[in-house]
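Asker: pasting the structure only:
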Ligand code: NAD
């Protein structure tokens, strides 16, 4: 029987390949103190602090800090790897603790490591009054809401109408984002080896007149999903991870698994399901 590889794409990198680094922090004194220590240690190891073209970005804070770091360095995803240190409670992306800084710094400077690539969501907004579109990449999710109340829109899958949605909004998440907002909407948790996007509803109206599927949908790579407002001059309110945006004159918004990926530097194994357990269940007697 052929065994299916269930781990996201992994590349082994020999020691000494990380020469330039940057640190992104949450705006608090403790995170700033950790940043100063990381810069001291890594420059002692002859690495260069380079905010423009880092080989590795160390995010110090929480998951929100990692999301900010991702968007800050979105123009060099092919060349930059990310690692997260949490200075508050356990993070989903930020898995090193402040007490482990020395261990992390030695690993960055001296050890071989793996690059693990996770899927991203590509969002394209098309307008009724101009030909150019606007594109975004999301690490967690994109949510769509009506700016002035209900979202009234058709949902199309692979160009074919699937349903008419009426309700608070829709959430399109990546596999790693499936444990974030999507989870609060009763979406499924998706392993990041499944390059997919998940569509979850926010409070849809379901009665004898309006009907939606109700269940979250998981779409594979290359299945495009479009959200098309029913009225012409709809103003939509979007979130891309932590960013909030308003778009006017939206013709439709398209969602698909992005070709680009985020690259995390893994200096020790961190199985996805263990991270899910530690984040949401804890290490109780049943684990
Ligand atoms: P933040 O940094 O305070 O993050 C909010 C919470 O989401 C934190 O507890 C964080 O640890 C957690 N989180 C973020 N990404 C996660 C992931 N992939 N898996 C598990 N938990 C994750 O605030 P922010 O910087 O504004 O974060 C934006 C994120 O917050 C959004 O991408 C969204 O997923 C999440 N969010 C969730 C809800 C909800 O669950 N109802 C509502 C709004 C936003």
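Answerer: Done, it's in. Note that the structure is a prediction, hence the values are computed from the model and not measured. Numbering: from 1, shown residues only.
Asker: grab the nearest non-local neighbour of residue 199.
Answerer: Excluding the flanking residues, the one nearest residue 199 by C-beta to C-beta, 6 or more residues apart in numbering is residue 217, at 4.5 Å. Just so you know, the C-beta spots here come from the backbone N, C-alpha and C atoms, and that holds for glycine as well.
Asker: would you list the phi and psi of that neighbour?
Answerer: Phi and psi for residue 217, reported as degrees, to the nearest 10, are phi -110, psi 140.
Asker: what number of residues lie near it?
Answerer: Other residues within reach of residue 217, judged by other C-beta atoms under 10 Å, total 19.
Asker: residues touching it, list them.
Answerer: 157, 198, 199 (C-beta atoms under 8 Å, 6 or more residues apart in numbering).
Asker: I'd like to know which of the residues you listed is nearest to residue 20.
Answerer: Residue 20 lies nearest to residue 198 out of the contacts of residue 217, by C-beta to C-beta, at 35.2 Å.
Asker: list the contacts for the closest residue to residue 113 other than its chain neighbours?
Answerer: Leaving aside its sequence neighbours, residue 113 sits nearest to residue 267 (C-beta to C-beta, 6+ apart; 4.8 Å). Counting by C-beta under 8 Å, 6+ apart, residue 267 makes contact with 83, 104, 107, 108, 111, 113.
Asker: residue 112 contacts residue 18, correct?
Answerer: No: look at residue 112 against residue 18 with C-beta atoms under 8 Å: they stay out of range, at 10.7 Å.
Asker: which one of those two has more residues nearby?
Answerer: residue 18 (22 against 12).
Asker: and the residue of the stretch 1-150 of the chain found nearest the ligand, which of the three is it?
Answerer: Distances between the stretch 1-150 of the chain and the ligand by C-beta to the nearest ligand atom are smallest at residue 64, namely 2.3 Å. Secondary structure assignment for residue 64 (DSSP: H, G, I helix; E, B strand; the rest coil): helix.
Asker: can you report how many residues neighbour the closest residue to it other than its chain neighbours?
Answerer: Nearest residue to residue 64, sequence neighbours excluded (C-beta to C-beta, 6+ apart): residue 242, at 5.8 Å. A count of neighbours around residue 242, defined by other C-beta under 10 Å, yields 14.
Asker: same check on residue 137?
Answerer: The tally of other residues near residue 137 (other C-beta under 10 Å) stands at 21.
Asker: tell me the buried residues in stretch 216-225?
Answerer: Residues 216, 217, 218, 219, 224, 225 are the ones in stretch 216-225 that count as buried (16 or more other C-beta atoms under 10 Å).
Asker: sorry, that was for stretch 242-251
Answerer: Buried, per 16+ other C-beta under 10 Å, within stretch 242-251: 247, 249, 250, 251.
Asker: separation between the third one and residue 122?
Answerer: In this case it means residue 250. Going from residue 250 to residue 122 by C-beta to C-beta, to the nearest Å gives 16 Å.
Asker: try the second one
Answerer: According to C-beta to C-beta, residue 249 stands 21 Å off from residue 122.
Asker: is residue 165 in contact with residue 212, as I believe?
Answerer: Yes: counting by C-beta under 8 Å, residue 212 is a contact partner of residue 165 at 5.5 Å.
Asker: got the contact list for residue 226?
Answerer: Shown in contact with residue 226 (C-beta under 8 Å, 6+ apart): 155, 156, 159, 252, 253, 254, 255.
Asker: does it sit in a helix, a strand or a coil?
Answerer: At residue 226 the chain is in strand, as set by three-state DSSP.
Asker: check for me that residue 145 belongs to a strand.
Answerer: Yes: assigned with three-state DSSP, residue 145 falls within a strand.
Asker: neighbours of it, just the number please.
Answerer: 18.
Asker: residue 22 now?
Answerer: Per other C-beta under 10 Å, the neighbour tally for residue 22 reads 22.
Asker: now it. Nearest residue, chain neighbours left out?
Answerer: With sequence-adjacent residues excluded and distances taken as C-beta to C-beta, 6+ apart, residue 22 is closest to residue 54, at 3.9 Å.
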